[in-house]
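Chemist: Any chance you could fold what I've pasted below:
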Amino acid sequence: MPKVTIDGETIEVPAGITVLQACEIAGAEVPRFCYHERLSVAGNCRMCLVEMEKSPKPVASCAMPIAEGQVIKTNTPLVKKARNGVMEFLLINHPLDCPICDQGGECDLQDQAMAYGMDRGRFKENKRAVPDKELGPLVKTTMTRCIHCTRCVRFATEVAGAEELGAVFRGEHMEIDTYIEKALSSELSGNVVDLCPVGALTSKPYAFAARPWELRKTESVDVFDALGASIRIDARGGEVLRVLPRLNEETNEEWIGDKSRHAVDGLRRQRLDRPYVRKDGKLQPASWAEALGTVAAKLKASAPDRIAAIAGDLADCEAMAALKDLLGAFGAQSLDCRQDGAKIDTSARAGWLFNSTVAGIDEADAILLVGTNPRWESPVLNARIRRRFRAGGVKIAAIGPQLDLTYKYEYLGAGPTTLADLTAGKLAFAETLKNAKKPMLILGQGALARSDGAAVLALARDAADKLGLVKDGWNGFNVLHTAAARVGGLELGFVPGPQGRDTMGILDAASKGEIDFVYLLGADEIDTNRLGRAFVVYQGHHGDRGAHRADVVLPGAAYTEKNATYVNTEGRVQQARLAVFPPGEAKEDWKILRALSEVAGKKLPYDTIGQIRARLVAMSTTFATIDRAQPGSWTAFGKTGSVDATAFASPVSNYYMTDPISRASATMAACTETYVKGSAARTGTHG
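Modeler: Below you'll find the model as predicted:
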C-alpha cells in the first residue's frame, strides 16, 4: 500500500485509488461537482483542485491516481484561490433563482458556494439562456442552471443503459440534450434528479410541492417489487410527498426504480377510509362493529373446507400471520400467498430464494436468465447485472422473451424445451456454465406461473445440478420474485394445508359453488369474476378489483402507514416504518384481524406489534434476524413431469401499473401513456 502525505499527515492508502479518495480517507474534505463514486471519472468541473508537491499548478484530485510518496495539500492559499476562481466561473451563467428552485435547501452548488466561493462576482455581462428539454413526465428541466458536470449523461449511459443524453455544441454554447427530443426511456430515470448537483434536473411530479426542511423523514423499505430497496419517505402532515433512495450496498446501492419513487401520489387517490357492507347489491358505509360482526357471522357459519383466503402482493407478514392463525382456528386449509398461481414448491426454501444474494451478481462469471424480464420485474437488480456486464468477464444468456435488457446477451430460445436441451448439454452455453467458477441461474415468475410451473421448477433444479451451479460456498440457483409479500408468505407457510386448495383451486371451487367464504388480503391481481357466489371479504387500502367484488370491505393501511415486516427475494427480513397515519377509519392490517378474531370468538393471543413479531419468529426462525439474507438448504424440490412447449412470458406487461397504488397514480398513468402506449403505437405492438 502506497504511503502519501496529506495536509502534513502520512498515511497508507489502497493502491489504485485517486487523490480525492485518499483525501477522504485522511479526513480532508474536498469539494466536487462532477465526481461521483458510482460513475466514471469525468474531471471536468475542476472544483476538486488540490496542491501537489512538484506539480507546477493545482491538480484535479478526482482524476489523479495515487502514487508512493505524494505530498498533497488541500487547504493552502493557492488551493483556496483556485476554488474561488472555479466557483466564480461556474456562477457566471447560473441564474439567481434559488428562491423558486426546487433544489433549494439541498443543493450542492448552494452549499459549496457558501463554503468555497468568493463573496462577490466580477462578471457583468448578460447571462446566457438555454432552452429547457422535454425528458418525459418524471424529470423537469431548467437547463439554464446546468453546470455541465455530465453526471446525468454518465448515469444514463453507464448505469441505466439508455444512451440518450449527451453534450451538443461547443464552448459557451454547450448544452446537455437528448440529440433528438424524446423522453428518457429508462425505468431508473428519476435517479438523475438525485445526481444533479444543481437545480437543472428536478422532479416534475414534486415541483413546487415543499421545501426539504418542512418534511418529516422516515426510513423504510420499498414494496413495489421484491428487491426491498431501502428508501426514505418524506411526508408533511398526513401526506407522503416524495420517496428517495437510501444507501444499501446489499440491495439497491443508492438507486430506486421510477415506480418506487413516483407512484406515491396513488396513496392519495381511490383510498378506502371506512368499512363497507353490501346491502341490496350495493356497498354501503358501515361501522366497524357492523362490518366485523357481518364477517364473523359468515365465518362461523361456514364449514372449514368451504373457507379460503388469498394474500395479495403488498401484504405484510404480520397481517398474513394473523390471518393464517385466525382461519387456522376455524380449521381452514385453503390459503395461498401466490395469487399469480406460481407453482413454487413450498417444502424447500432454496427453491424460492435468490440464493446467490443480489450482491452475488457482482461475483458471477456466467448468468442464465429463464422466463424473466428483470428490466421491468426489478429495474435496480437489472442495473446490477448491467454493471457486472460492463465490468467484463461474464457471459449472459436468456431463455424466454427476447427484449432489450440494456446489456448484450446470447438468446438461446423461448421456452422450457430450450432449458431441457441446455440441461442435456445440447447447447454451447452449457459448457460455459460448467466451466464458470460462479455460474448463476435467475428463474422468473414467467416460468413458474404456468400450468406446468412445477415441472419447469424441477427442470431448472436439474439444470443447476448437472451444470454445476451449486458448489462449495456458492449456490447459483435463484428465483426472482415480483411481489414484496411472496417470500414472507412462503416463510410463514401461508400456503395450502394437506387438504387445502391453492389460488387456482380456490377460484375453480368458488366458481362451482364449493367455496362459501373467501378472504382477500389485498388480493387484486386475480380474476374476481371466478369467485362465483362466495361471500367475499376484502381487506386493503385501495378501491381496486377486490373491493369492487367484495361483500364486506375492511379498510387497511398502505406500506407508508404501518410498522410492518417484509421479506425480499433473497430472504432478507426488512421492516417498513410508519411515516403517516392511515386515512379516516382505516387501521393497520394485523389489528383488524385481531379485532375480528375477538368478535368471531377465536381471540388471537397478541395485542402489540412486539407480540405479533414474536409470533413471526415462532412460525419461522428466519424472522429472528433482521436485514440479513438467510440461506436455504439445497434439497430436492419441484415436480418432475412433462412441460408445455409454449414460450415463457413475463408476468409484467406494464412496469408502471402492477398494483393498486400504481394503478391509482396519475404520474404512473402519464408514464403508461408515454412509454407503454406510446412505444406500442410507434412499434405497432401492444403491451
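Chemist: where does this protein have low pLDDT?
Modeler: Across the chain, residues meeting the criterion (pLDDT under 70) sit at 678-687.
Chemist: what residues are up against the closest residue to Gln402 other than its chain neighbours?
Modeler: Nearest non-adjacent residue to Gln402, counting by CB to CB, 6 or more residues apart in numbering: Tyr411, 5.4 Å away. To be clear about C-beta, it is placed using only N, CA and C from the backbone, and glycine gets the same treatment. The neighbourhood of Tyr411, defined by CB atoms under 8 Å, 6 or more residues apart in numbering, consists of Ala397, Ala398, Gln402.
Chemist: Adding distance to Lys603 and neighbour count, write the residues you listed out as a markdown table.
Modeler: Listed next are the contacts of Tyr411 as a markdown table, based on distance: CB to CB, whole Å; neighbours: other CB atoms under 10 Å:
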| residue | distance to Lys603 | neighbour count |
| --- | --- | --- |
| Ala397 | 54 | 22 |
| Ala398 | 52 | 26 |
| Gln402 | 55 | 11 |
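Chemist: So which of these sit within strands?
Modeler: Ala397, Ala398 (DSSP state E).
Chemist: so who does Pro99 touch?
Modeler: For Pro99, no residue meets the contact criterion (CB under 8 Å, 6+ apart).
Chemist: mind listing the strands for the stretch 301-450 of the chain?
Modeler: Across the stretch 301-450 of the chain, reading from the start of the chain, the strands by DSSP state E, counting those that start in this stretch fall at 307-311, 334-336, 366-370, 395-399, 410-413, 439-444.
Chemist: In a markdown table: those, plus distance to Arg384.
Modeler: As requested, the strands of the stretch 301-450 of the chain are arranged in a markdown table below (distance: least, CB to CB, whole Å):
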| stretch | distance to Arg384 |
| --- | --- |
| strand 307-311 | 28 |
| strand 334-336 | 31 |
| strand 366-370 | 11 |
| strand 395-399 | 12 |
| strand 410-413 | 19 |
| strand 439-444 | 11 |
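Chemist: Relative to Thr251, which of those strands is closest?
Modeler: strand 439-444 (15.6 Å; CB to CB).
Chemist: Can I get the closest one as PDB, trimmed to CA atoms?
Modeler: Taking C-alpha atoms only, strand 439-444 is exported to PDB below (Å, rounded to 0.1, in the frame of the first residue of the first chain):
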ATOM      1  CA  PRO A 439     -22.400 -19.500 -12.500                       C
ATOM      2  CA  MET A 440     -25.900 -18.100 -11.800                       C
ATOM      3  CA  LEU A 441     -29.400 -19.000 -13.000                       C
ATOM      4  CA  ILE A 442     -32.200 -16.500 -12.400                       C
ATOM      5  CA  LEU A 443     -35.600 -18.100 -12.700                       C
ATOM      6  CA  GLY A 444     -38.500 -15.700 -13.200                       C
END
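Chemist: That one vs strand 366-370, what angle?
Modeler: With axes from the mean of the first three to the mean of the last three CA atoms, to 10 degrees defining the directions, strand 439-444 sits at 20 degrees from strand 366-370.
Chemist: Can you verify my assumption that Leu227 contacts Asn382?
Modeler: No: under the contact definition of CB atoms under 8 Å, Leu227 does not touch Asn382, with a separation of 10.0 Å.
Chemist: So between the two, which is more surrounded?
Modeler: Taking neighbours as other CB atoms under 10 Å, Leu227 and Asn382 compare with Leu227 leading, 32 against 27.
Chemist: residues contacting that one?
Modeler: Leu227 makes contact with Thr251, Asn252, Val358, Ser378, Val380, Leu381, Asn568, Thr569, according to CB under 8 Å, 6+ apart.
Chemist: Not counting sequence-adjacent ones, nearest residue to the fifth one?
Modeler: The one in question is Val380. Nearest non-adjacent residue to Val380, counting by CB to CB, 6+ apart: Asn252, 4.8 Å away.
Chemist: Equivalent analysis for the last one, please.
Modeler: For Thr569, ignoring the flanking residues on the chain, the nearest one in space by CB to CB, 6+ apart is Ala226 at 4.0 Å.
Chemist: phi, psi of the one you found?
Modeler: Backbone torsions for Ala226, taken as degrees, to the nearest 10, come to phi -90, psi 0.
Chemist: Count the residues that sit near it.
Modeler: When neighbours are defined as other CB under 10 Å, Ala226 has 27 of them.
Chemist: Please apply the same query to Lys408.
Modeler: Each residue near Lys408 was counted by other CB under 10 Å, and the total is 8.
Chemist: from what I can see it touches Arg386, true?
Modeler: No: look at Lys408 against Arg386 with CB under 8 Å: they stay out of range, at 10.0 Å.
Chemist: Quick check: buried residues in stretch 107-127?
Modeler: Residues Cys107, Asp108, Leu109, Gln110, Gln112, Ala113, Tyr116, Gly117 are the ones in stretch 107-127 that count as buried (16 or more other CB atoms under 10 Å).
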